[in-house]
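Asks: Fold the following, please.
(one chain, ligands or ions: 1)
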Amino acid sequence: MSHLMNTYARLPVAFTHGKGAWLTDEDGHEYLDALAGIAVNGLGHAHPKLTAALAEQAGRLIHTSNIYRIREQEALADRICALTGLDEVFFANSGSEANEGALKLVRMYGHKHGKPEAQTIVMEHAWHGRTLATLAATGSEKARKGFEPLPSGFIRVPYSDLAAVERAATDDPRVQAVWLEALQGEGGIRVADADYMRALRRLCDENAWLLMVDEVQCGIARTGKWFGYEWAGIKPDVITLAKGLGSGVPIGALVAGGLARGTLGPGNHGTTFGGGPLACRAGLETLRIIEEEDLLANADAMGQRIRAGFAAAFDGLASVVSIRGQGLMIGIELDRPCADLVKQALASRLLINVTQDRVIRLLPPLVINGREADEIVARLAPLVRAFVGAPIQRAA
Ligand code: PLP
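Replies: A predicted model of the protein is given here:
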């Protein structure tokens, strides 16, 4: 009997080691990783520069405490602020925790501006985490079910629907923030329209609301830009980061600027582990390597290559509803539930995921090369064609 709490329906495989976009299981079989730990292992597995930096750091200093100065933390905050143009960073240990901090920031912002019952407009299909407050903001009824009563303070509207945001704010003068993912990940790889993002920025400016963007999944070069919101040319007041920032070493970041700057002060928030030397060194090295190896451009190019590959492989196939995404955040929506494809892909030694029942989600490492990008298409396309009952394409 397993002593693990039964919260995951795990796949029957365990990996012993990896290299780049490849993982090896206990029986020595090699798998092509098109999921990267759900957008975590941007540098792939066992990146030599990251490994060396982490070993060096672990040999010197892993943890002190936030009651002392932490140089690695200061350096990473500087780097994140240089990349975002925002002003201040609070480091946590996960996406949920960074988001929980963002929600505390909205509450404090409300209190400081005479709206102690601050409401945040959130999106249908959003995913912000599994703590009670982030769960309340999350769009998935299935995830929320059984955990009520959840914290209040959220008004949910359809994603990419500006009029719905305007209506919600007219109906409720307590609104203080709009919160969304620039690209929804768990929600089915939905990309926010750039005009919509710009209109939200204007709306927030006009009303002194905080525009908050959850970049936990779509940030850190995943979409071919450092942050997903950059595709719309806007600057949010608050962003949150996690997943790809530490390349697998747990780290989350709450980043604030503009109207949000200075909202949280001494004693308002804290953490034991957050922003420790090891995690921040992982963040610093990750950002350095992404830049050094030009992985933004690679993510963009490889993403286009994979989407084009699938477009050709599924040409004329009505069961494939859409192939979408940005950079290496790719969704293939089918006309039917397709969770079973995850197991079939595993049997073909390919790691993928299915979200929203019918959207195949691909989040390969940012380091994949053209041969590996083509191999993802070559392994997955025949499985999908067989799954929807289409004839298998023969190579020309
Ligand atoms: N926000 C987004 C957009 C996510 O995709 C996730 C996780 O999938 C989270 C927040 C929660 O992050 P974590 O699992 O690190 O708590």
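Asks: so who does Gly258 touch?
Replies: Under the criterion of C-beta atoms under 8 Å, 6 or more residues apart in numbering, the neighbours of Gly258 are Leu86, Leu210, Lys235, Pro236, Asp237. C-beta here means a position set from N, CA and C on the backbone, and glycine is covered the same way.
Asks: so of these, which ones are in strands?
Replies: Leu210 (DSSP state E).
Asks: out of the contacts of Gly258, which is most surrounded?
Replies: Pro236 (30 neighbours; other C-beta atoms under 10 Å).
Asks: Distance check, Asn41 against the ligand.
Replies: 14 Å (C-beta to the nearest ligand atom, to the nearest Å).
Asks: Hmm, that residue is touching Gly246, no?
Replies: No. Here Asn41 does not reach Gly246: they are 10.1 Å apart, not a contact under C-beta atoms under 8 Å.
Asks: before we move on, the earlier item: so which of the contacts of Gly258 comes closest to Ala339?
Replies: Proximity of these to Ala339 (C-beta to C-beta) peaks at Pro236, which lies at 33.3 Å.
Asks: pLDDT wise, what is whatever residue of the chain ends up closest to the ligand at?
Replies: In the chain, the residue that lies nearest the ligand is Gly95 (2.3 Å; C-beta to the nearest ligand atom). The score at Gly95 is 98. That number is its pLDDT.
Asks: State the number of residues packed around it.
Replies: If you count neighbours by other C-beta under 10 Å, Gly95 ends up with 28.
Asks: quick one on the thing from earlier: which residues are in contact with both of Asn41 and Gly246?
Replies: When contacts are counted by C-beta under 8 Å, 6+ apart, the set common to Asn41 and Gly246 is empty.
Asks: where does the stretch 1-150 of the chain come near the ligand, residue by residue?
Replies: For the stretch 1-150 of the chain, the residues in contact with the ligand (C-beta under 6 Å from any ligand atom) are Ser94, Gly95, Ser96, Asn99, Trp127, His128, Gly129.
Asks: ok, of these, which come out buried?
Replies: Among these, those classed as buried by 16 or more other C-beta atoms under 10 Å are Ser94, Gly95, Ser96, Asn99, Trp127, His128, Gly129.
Asks: who's in contact with the closest residue to the first one other than its chain neighbours?
Replies: It refers to Ser94. Nearest residue to Ser94, sequence neighbours excluded (C-beta to C-beta, 6 or more residues apart in numbering): Gly252, at 4.9 Å. Gly252 makes contacts with 91-99, 216, 240-242, 245, 274, as judged by C-beta under 8 Å, 6+ apart.
Asks: right, and Ile155 touches Gln119 too?
Replies: Yes. Under the criterion of C-beta under 8 Å, Ile155 makes contact with Gln119 at 5.5 Å.
Asks: More neighbours: which of those two?
Replies: Gln119 (21 against 18).
Asks: who's in contact with the residue of the chain closest to the ligand?
Replies: Per C-beta under 8 Å, 6+ apart, neighbours of Gly95: His128, Gly129, Asp214, Val216, Gln217, Thr240, Leu241, Ala242, Lys243, Gly252.
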